[in-house]
Structures are given as C-alpha cells and as structure tokens.
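A.B. asks: Next input, structure requested:
(chains A and B)
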There are 2 protein chains.
Amino acid sequence: MSRIASDKYRSKVMSAEEAAKFINNGDRVGFAGFTGAGYPKALPDALAARIKDAHDRGEEFKIASYTGASTAPEHDGALAAVDGIAMRMPYQSDPIMRNKINAGVSEYNDVHLSHSGPQVRYGFWGTLDVAVIEVTAITADGKAIPSSSIGNNNVYLEKAQRIILEVNAWQSLDLEGMHDVYSMKLPGENTAIPITSAGDRIGSKYYDIDWERVVAVIETDAEDRNTPFKPLDQESKTIAEELLDFLGNEVKQGRLPKHLLPMQSGVGNIANAVLVGLNEGPFEQLTSYTEVIQDGMVDMIDSGKLLVASATAFSLSPDAATRMNDNAAHYRNHIVLRPQEISNNPEVIRRLGVVACNGMIEADIYGNVNSTHIMGSRMQNGIGGSGDFTRNAYISCFVSPSLAKNGDISAIVPMVSHHDHTEHDVQVIITEQGLADLRGLSPKQRAKKIVANCAHPDYRPLLEEYLERAHAKANGAHTPHDLAEAHSFHRRFLESGSMKKA
Amino acid sequence: MSRIASDKYRSKVMSAEEAAKFINNGDRVGFAGFTGAGYPKALPDALAARIKDAHDRGEEFKIASYTGASTAPEHDGALAAVDGIAMRMPYQSDPIMRNKINAGVSEYNDVHLSHSGPQVRYGFWGTLDVAVIEVTAITADGKAIPSSSIGNNNVYLEKAQRIILEVNAWQSLDLEGMHDVYSMKLPGENTAIPITSAGDRIGSKYYDIDWERVVAVIETDAEDRNTPFKPLDQESKTIAEELLDFLGNEVKQGRLPKHLLPMQSGVGNIANAVLVGLNEGPFEQLTSYTEVIQDGMVDMIDSGKLLVASATAFSLSPDAATRMNDNAAHYRNHIVLRPQEISNNPEVIRRLGVVACNGMIEADIYGNVNSTHIMGSRMQNGIGGSGDFTRNAYISCFVSPSLAKNGDISAIVPMVSHHDHTEHDVQVIITEQGLADLRGLSPKQRAKKIVANCAHPDYRPLLEEYLERAHAKANGAHTPHDLAEAHSFHRRFLESGSMKKA
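C.D. replies: I've put the predicted structure just below:
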C-alpha cells in the first residue's frame, strides 16, 4: 500500500532519474540527512549519474550541497565521487567527500549546526533552488510525516524554489507523533522558544509543505546508514567511569541535582560508553537534550533510567534501528525529534543547563580543543554541534583516549594545531589517564593539571619540558608559549611519523 | 542630605577602614565595577592599606577578586599594587593589574562575561565571602538604587555571606528607573527571558538586598573613571565608513531591515567612530543591545537617531558623564541598564539578531581572531563580552587598523598567536584597507579575500608567500598550514622588533 494517501502528491510520483532533472548545474540544494539518518536514498545517485553524463559530455555540473549533518555513501559519497559538489556545508563524514574537500575539488564551510539553517533562512547562502527531503508518509490531506531525522529540513522546505520529496516505506509509520517541528523566524520576528524541560512539545508533528513548489515525489524503501558500534573497549569504559565519578561528586557537592541535568553526548564509541555507564550507574530519572539518539539512549529508555530524550536525529546500529522501527509507537512517548536550530539552540541549552560531553581530536595544555583538523591542515568531519553545546552547557566535558596511532600521537599537545573550542569554553578534559577539572583555574594552573592528569606518561616529560621552556622564553607571562616550538609535536609527527622524540 | 533614607542602613554607616576589616586573607570578594563605572570608590584603597599592613607584618593576605569587568586605578590598581589579588576574573584593563597577572603574582581566568555571574551562582568559584557594591541611594524602605553599572552585582548580592555597600553621592539620583534588575536562576528553574525588543523592561528598578547580610555601609562622593576619547583619526573614520557601506548594502540586498537590527559595539575609539558614523549616516530609528553605553550613543539619543539602548554599564568621557548626570531623567527613557548575564545573554542576542562589531588584536588569513594576547603569551585585557556577542550575532564584524607599532606589527597574520574567536564565528573583518565578507566561504577562499582586502600592502606579499608555501607543504588540504612557519610573523617580531623581513 502506498505511503502517499494524497492524490495530488501521488500525481507527482516519478522515478529518481526523472526527478533529478529538476536539479541543474550551479543549483544550491538543501538535502535531508543527519548522521546517516533520514537522507534521500534515491535522488543523489540519480543526480550523480546525471552529473557524470554532463561531465562526460565536457559540460560543467556542480551543485552546492547543504544538509543537516553527515549523510551516507549513497548520498555524499555518490555526489562527491563524480566531483559533483562545489560547496558543502555543514558537517560531513563520508570518506570520499572528505578527500574531495581536502583535495580542493569541493569547497567546505564548517558552520555550527545551530547556525546552518538560520543562515540559509537569512539568505547568507544565496537563493535555495531545490530541497530534497525524505519523509515517512504523506497523509490524505497532504501532511508530511518526517522520518528518522529533521535536521534543517524545515528551513529547506520553507526556502527552496523547488521541492523533491522521497517517501521511504522503510521508515516506521509509528514515527508519526515523535517529531516536533518548530521554526525560528527572521530577527525581529522571534519570540522566546517556549521549552523549559527537555521533553516539551511546542510545534507540529508534520512538515508544513507549500504544495505549489513540489515538483517531484519519489517512492523508496531503503534503510538508513546504520553503523554498528564497536564492542566497548577498556579505554572507553575507563573514561566513562571517570565522568560518572565526576558527576557523582558534583551531586555530592550540591552543584548538580540528584537526577543530574539534561545530558548531551556527541556521537561515537566513547559517547556510547558513557551512556552504557549511565545505564548501569546510580542515577535515575534522567533526561537528555542532545543532538542524536544513540543505542545507549534506547537502552536507557528500555531500562527506565531515561525519561525523555530530545534530539534532531537517530544515529543507531542496525540492531537498534530494527528495535526502533518495531517499537516506534512506544519510543515516541520518550523521544522528541526537533529541527537542529532547536535541538542545538543556545537559548534552550543554557536555560536547561545541559551537561555536555563531546569527543575531540586533541586538547592543549591550556585547555583549547581541536575537533576538526588533522595536523592543522586536513579536515576530518567538522565541528558539528559541539560548539553549540560546549559554549552554553552548565558543565562542558571533552573526552579522548590519550594516545592514537599506536602511541605515535598524543591527544595532549603544547598548542592544538586547530582551534575549535577555546580555553574560555572548555571545563573538563577526560582521557583514560584521568580527569582535569579546569573550572576556576588560570592557564598555568590548567597546564599543570592537564599534563599530570590527562597526558599519557610517554608524553608527560615532553610536555613538562615544553612548559618549562615556554615559561622561560615568555618571561612568565599569562599563557607562556614558545611559538617556535608550540607545534613541535605535530611537526615531528609529520616528519618522522611519531610525536615522540627519536 | 544623606543618600541613605533608611534608618537601619544608616546604623551600619562606617569608614572604609572599618568596613575593610570585614575582608580577610583568602576571602572571595565580588566587587561592583564595569568598564570604569560603578566600582567601589573607597573600600579597595582601605583594603589595600590593610593588606599592605599585613604584608609588612609578614602575614599572608590575598583575596580572590571577581568583578563585572574592568574597574579603575583606585580599585584594581590599588589592590594589585600591594600584591593583594590571588585570583582575578573576568575582564580587567588596569596596567598594574595586567602586569601582576603576566608576572604570575595574580592568577587570572578569562571567562566570558555572560558566564561569570552564573558560574558564581553555580558555586564553580567557591563560596562568595563578601560583596562590595556601589549604589546611588537607599530609600526609606531599604531599596537600593543601582549606580552607573550593574555587571554581576545582582549575583554577588545574592550569594555573598557579607555585604558592604558604598553609597556614592556623585551618581545622579535620576538614575532611579534606568535599571532593570532581572536574575537568572539555577538550571531547571529558569524560564525564557521575556525580552523581545532591546528596550523591554522585565525586572526591578532596585537591587533586592538581604538586610541580614549587610555588615557595612560607606558614604562616598567620587566620580567614575571616565576616560576621554581620542579625537577621531582617519583610520577609524575609514573603518566606520566601510562598515556603514556594508550595512547599507545588506539593506539593499534585503538581508537587513531599513532600521537595521539592534547594534552592539565594543569599547574603544573605532567603536566610537562607528557610532559617530551611524549618527551622521542614513539610518534612522536605530536600537542597540550592547554591553556599554559610550559617548557616541549618548549623541545618537540626543539626535534622535537611537531610540533605545540596552547595556550593563556606562563607559563615558568626563564630558558625557557630566551630561548624563545632569540629564539622567531624560536619558532613562532611552537607556536600560541590565545585569551582564542579561545584557550579554546568548538567548536574547540571538533572538533579537544583533549586529556585532568588536575590536581585535589580530586576525589570521583563515578568519580566526585573537582578542586577548600579545604575541601568544602576554595577556592584555581579556575577551570581555566579545564572545557572547560574536557567536550569537546575526552578523559579526571585527575591526582593527591593519598595522600597529609604526608598521612593525601586522593585524593580519598567517595564524593568530592566541585564539579567542574561531573561523566558525567570524563573518566580517574590516581594516582601513578594506572589508572582507567571509560568509559562505571556505578557508582558502577566505584567505584570498582577507589578504587582498584587509592586509596592509607592506605585508601582502609575505602573506601570499606563506599561503603558497603552506599550500604546497600541506598538499592542498582544507586549511593549508605550514606549522613550522605559522607563527613566523610573531617570532620575527619577538626577535627583531618587526614582523617585516630584514
């Protein structure tokens, strides 16, 4: 049975190949898709073929691709593989896409996730030509039920001159009612976002679509890119335990209530280990105001530890995705999916007092964090929502193993090679070596604590040596640096393959 | 006639020397004071004498000093001169204080102004022992009228175990009604801040003081540290003109309404030049949601160009301060002074869509900005509220002359020596050379534009050379850097006294 109950929407059903013809060279396209959930499954491949044909004929064909966040091989990967993307924003994680960005084939702007939608609304990214949005179903009266992510879909639907919908039968019909679509307006027209607790619903269950602009509807039946989590390793478990101990002590000191505050956790294995730890830990009646729903959160809902989670997308393993699809009618009582301009909004994050926990590539001795670049130059995935949460959190933590590449890379360095979160915003750093609570400390005090608590013993002497030399060279000063040696760890790695001294 | 109409408050009147005895070694003290306005005029000097006596006796005596922002020689300067400050936060600008911080005599934590008060409320800065707050008067029923700044006073009054008030007869009694005291609560207890336009009043005209904790009241009659502005120089005028042209074009393109959006401007001569430019320019019915009221804003209220300005403090020249004091009954219809946790709150700044304009020390070719450190190590004043506004602004601009120190320092460098605002947050850079609109550009595109439009011609070839070399060394990559040379400009300056090549 068709997921399209509306006759007029059914009249626009066509193949992805036909629909792809509505996208032309130079177009700016707003795609659905956030952490491998809810991206269009058919159109990007058909568009990639259309682009390749044009290139084969010697014609130019590149688009600007705006999304929610990362998508999937059959989306970012397919379009990048044919050199089809001129400009990409915001977060991405596809290996082909990443290579094209670093090769200069595609330009990339690493905007905060909470900024990306509003900036399109403001016109800072030019006229939006096309929106390509996945939905779960279209009701008889033309209401569109969102699928497994919302991301910037509300903005793209609002602004695009042409709208292409993909109706994906793989998505559970019971997702209906899980979403809460609420859009910001232009400055001067906004009032307060009326969320005062993580589970508050303030918007619509459906997208508001202007039928006049719908040019194509595609029917698909394809699962999301759901990536299995690796089995929990000891390092991740240790880091999670340290964070839980820290939170327990904050409760004891009266700085956190016993049910904590809404938790945010980044994507990945350590973040999931934290969730597993919380699920096995002493805290009850938890809430989450975060960006993505991971496996650990689904488990916490099952166990009753987590009352409600607010996010903009799923990021599940295939197993958890199956559980979600089978039991969406249950989970929708505990999960609210929002546009990313709301899930990541500073207003709500600061009001609720979120406890944030995000991964990092490296931190430096003074507490600056690099989330995006390898050795200063090469883009990995992007800042994502880490800045939105970190800056506005009640407490903001960054987590990473202290070593990478079999010990040849230290996650603690004299000066990070790229700055995404500055000393002003980073409060707690955790590695498997230990935790550094930086609140209320000066740079020199922070340096001592980070080196002693978080750096791997293999790198501690090198870091202490740097600190001493910097102190002497900078004649003390507030944040002693020896600018000739500040990036010596990275330079050694680039030259010799290891940050260690030969 | 006494400014203290309440008998019980009058019963606590004593000398500053007597009051200073309520402050002991190791105490954490929350002081009034923001950009040289509304700081205590008598207590700090008396406390400094008490500290000096203790030191002369060989006793330890240092306090933690928390303020709103910068104060004055007779406050920060006096306490720093006797080595009386163990820890200072947030913004400071006194030369003696700065030297003690860079000499390691005083620790310093450079927290965002919007974070400073809430973090004290949360207990992240320990128990607050004493609050020392300047007020204009105390009414018969014990209400305290704030003076020329609010800053974090509401938080310090709320949290301190002992309260010392200074009642300053120099402040105009007609300030009564200009203030809007509204306090945030602990996470979980907050609702939306109900401000939807810059001039909205949502709180009280008075401080809510717990009489039981008041230990001393001091009567003073002393003017604020009001610093004259330098006459407008050509560079500042040129920068202001470029900003105005840019804003005019944004209106033309439909990205700004014709009355613009609420303006924020940092402190200093260029910021004041922008205000002068706005006052002479084509825009009418303007509003301001900013941190401090400068001379230019008072002129704009006089001319009718500025309908209303919201801030947390004055930062006036002696002339403008006299005008303010003589006409406060008029100006209070156009000015709202708020706690800095509200004036600088991301929620309100993003809701209103503020256009932010802040000074900087340097920017790099990829759009990162250093607001705080000289040559990477030495603290100047601190980040102030620039991060609060920049991150959440509708459009965020940074301004600086392209050269300093007679041309030996370039404000545009390959990599900033300290990162306060990252590439994710900086949208427009303006020097007297020109303006670079960075919205929607990749790092490589930004680099070309910043070097071509903003760098001084003396440094352009060096920057282009760096870009080429970095590009080759990093094999293209997203943000090409040569980490061995990224700080070569700064290193040359430290070694030779000039960023230029010999």
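
A.B. asks: Which residue ranges of the stretch 1-150 of chain A form helices?
C.D. replies: A:7-10, A:16-20, A:43-56, A:78-81, A:95-102, A:113-122 (DSSP state H, counting those that start in this stretch).

A.B. asks: Of all those, which one comes closest to chain B?
C.D. replies: Taking Cβ to the nearest Cβ, helix A:95-102 is the member of the helices of the stretch 1-150 of chain A nearest to chain B, at 5.0 Å. Where C-beta positions appear, they are placed from N, C-alpha and C, glycine not excepted.

A.B. asks: before we move on, back to that, nearest to A:Leu243, of the helices of the stretch 1-150 of chain A?
C.D. replies: For A:Leu243, the closest of the helices of the stretch 1-150 of chain A is helix A:113-122, at 22.9 Å, according to Cβ to Cβ.

A.B. asks: May I have the closest one as CSV, with CA atoms only?
C.D. replies: Provided in CSV are the C-alpha atoms of helix A:113-122 (Å, rounded to 0.1, in the frame of the first residue of the first chain):
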residue,chain,number,x,y,z
LEU,A,113,25.0,23.2,13.3
SER,A,114,22.7,25.6,15.1
HIS,A,115,23.8,28.4,12.6
SER,A,116,23.4,26.5,9.4
GLY,A,117,19.6,26.5,9.0
PRO,A,118,19.1,30.1,10.1
GLN,A,119,21.9,31.4,7.8
VAL,A,120,20.1,29.8,4.9
ARG,A,121,16.9,31.5,6.0
TYR,A,122,18.7,34.8,6.2
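
A.B. asks: show me where the stretch 151-300 of chain A has helices.
C.D. replies: Assigned helices in the stretch 151-300 of chain A, in chain order: A:153-159, A:234-252, A:269-280, A:295-303 (criterion: DSSP H, counting those that start in this stretch).

A.B. asks: for the stretch 401-502 of chain A, same thing?
C.D. replies: Here the stretch 401-502 of chain A has its helices, by DSSP H, counting those that start in this stretch, at A:443-453, A:460-473, A:488-496.

A.B. asks: ok, back up a step: export the helices of the stretch 151-300 of chain A as CSV, with columns for mean pLDDT and mean neighbour count.
C.D. replies: Shown next, in CSV, are the helices of the stretch 151-300 of chain A (pLDDT from 0 to 100; neighbours: other Cβ atoms under 10 Å in any protein chain shown):
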stretch, mean pLDDT, mean neighbour count
helix A:153-159, 98, 25
helix A:234-252, 96, 18
helix A:269-280, 90, 23
helix A:295-303, 96, 21
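
A.B. asks: Get me the contact residues on the stretch 201-350 of chain A for chain B.
C.D. replies: By Cβ under 8 Å from any Cβ of the partner chain, the residues of the stretch 201-350 of chain A that approach chain B are A:253-255, A:257, A:261, A:345-347, A:350.

A.B. asks: Give me the buried subset of those.
C.D. replies: A:255, A:261, A:345-347, A:350 (16 or more other Cβ atoms under 10 Å in any protein chain shown).

A.B. asks: For those, work out which two are farthest apart.
C.D. replies: Maximum pairwise distance among those (Cβ to Cβ): 24.1 Å, between A:Arg255 and A:Asn345.

A.B. asks: Can you give the domain ranges for chain A?
C.D. replies: A:7-220, A:234-457 (automatic domain parsing).

A.B. asks: Figure out which of those is closest to B:Val274.
C.D. replies: That would be domain A:7-220 among the domains of chain A, by Cβ to Cβ, at 19.4 Å.

A.B. asks: Kindly check the end-to-end length of the closest one for me.
C.D. replies: Start and end residues of domain A:7-220 are separated by 18 Å (Cα to Cα, to the nearest Å).

A.B. asks: Where does the prediction get shaky in chain A?
C.D. replies: Scanning chain A for pLDDT under 70 picks out A:1.

A.B. asks: With A:Leu306 as the reference, measure out to A:His259.
C.D. replies: 11 Å (Cβ to Cβ, to the nearest Å).

A.B. asks: got it, and A:Ile195?
C.D. replies: A:Ile195 is 18 Å from A:Leu306, by Cβ to Cβ.

A.B. asks: A:Ile23 too?
C.D. replies: 41 Å.

A.B. asks: How about A:Gly497?
C.D. replies: To A:Leu306, A:Gly497 is 43 Å away according to Cβ to Cβ.

A.B. asks: just to revisit the earlier point, export the buried ones among the residues of the stretch 201-350 of chain A next to chain B as a markdown table, with columns for distance to B:Val298.
C.D. replies: Listed next are those as a markdown table, based on distance: Cβ to Cβ, whole Å:
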| residue | distance to B:Val298 |
| --- | --- |
| A:Arg255 | 42 |
| A:Leu261 | 42 |
| A:Asn345 | 35 |
| A:Pro346 | 31 |
| A:Glu347 | 31 |
| A:Arg350 | 32 |
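
A.B. asks: which one among these gets closest to B:Ala477?
C.D. replies: So of those, ranked by how close each gets to B:Ala477 (Cβ to Cβ), first place is A:Pro346, at 30.8 Å.

A.B. asks: Once you drop chain neighbours, what's closest to the closest one?
C.D. replies: B:Pro346 (4.1 Å; Cβ to Cβ, 6 or more residues apart in numbering or on different chains).

A.B. asks: do A:Val298 as well
C.D. replies: A:Ala320 (5.2 Å).

A.B. asks: Enumerate every residue touching that neighbour.
C.D. replies: Applying Cβ atoms under 8 Å, 6 or more residues apart in numbering or on different chains, we find A:Ala320 in contact with A:226, A:295, A:298.

A.B. asks: The first one - how many residues pack around it?
C.D. replies: A:Asn226: 21 surrounding residues under other Cβ atoms under 10 Å in any protein chain shown.

A.B. asks: Is it correct that A:Val428 is in contact with A:Asp437?
C.D. replies: Yes. Under the criterion of Cβ atoms under 8 Å, A:Val428 makes contact with A:Asp437 at 5.5 Å.

A.B. asks: which residues do these two both contact?
C.D. replies: What both A:Val428 and A:Asp437 touch, as defined by Cβ under 8 Å, 6+ apart, is the set A:Phe246.

A.B. asks: Contacts only, for A:Pro339.
C.D. replies: Taking Cβ under 8 Å, 6+ apart, we find A:Pro339 in contact with A:117, A:150-155, A:181-183, A:312.

A.B. asks: Pick out whichever of those residues sits closest to chain B.
C.D. replies: Using Cβ to the nearest Cβ, the contacts of A:Pro339 come closest to chain B at A:Gly117, 12.6 Å.

A.B. asks: OK, contacts around the closest one?
C.D. replies: A:Gly117 touches A:151-152, A:154-155, A:184, A:339-341, counting by Cβ under 8 Å, 6+ apart.

A.B. asks: can you name the two of the residues you listed that are farthest apart?
C.D. replies: Farthest pair in the contacts of A:Gly117 (Cβ to Cβ) is A:Gly151 and A:Met184. Separation: 14.1 Å.

A.B. asks: Touching stretch A:190-204 from outside, list them.
C.D. replies: A:179-184, A:262, A:287-289, A:307-310, A:334, A:336, A:338, A:342, A:345, A:347-348, A:351-352, B:190-194, B:196, B:347, B:351-353.

A.B. asks: Kindly check the end-to-end length of it for me.
C.D. replies: Using Cα to Cα, the distance between the terminal residues of stretch A:190-204 is 17 Å.

A.B. asks: Repeat that for stretch A:360-373.
C.D. replies: Distance across stretch A:360-373, first residue to last, is 10 Å (Cα to Cα).

A.B. asks: And stretch A:186-199, by the same measure?
C.D. replies: Start to finish, the residues bounding stretch A:186-199 are 25 Å apart (Cα to Cα).

A.B. asks: do the same with stretch A:198-208
C.D. replies: Stretch A:198-208 end-to-end distance (Cα to Cα) = 23 Å.

A.B. asks: Report the angle between the lengthiest strand in chain A and helix A:43-56.
C.D. replies: Counting residues, the longest strand found in chain A (DSSP state E) is strand A:130-138. Computed with axes from the mean of the first three to the mean of the last three Cα atoms, to 10 degrees, the direction of strand A:130-138 lies at 150 degrees from that of helix A:43-56.
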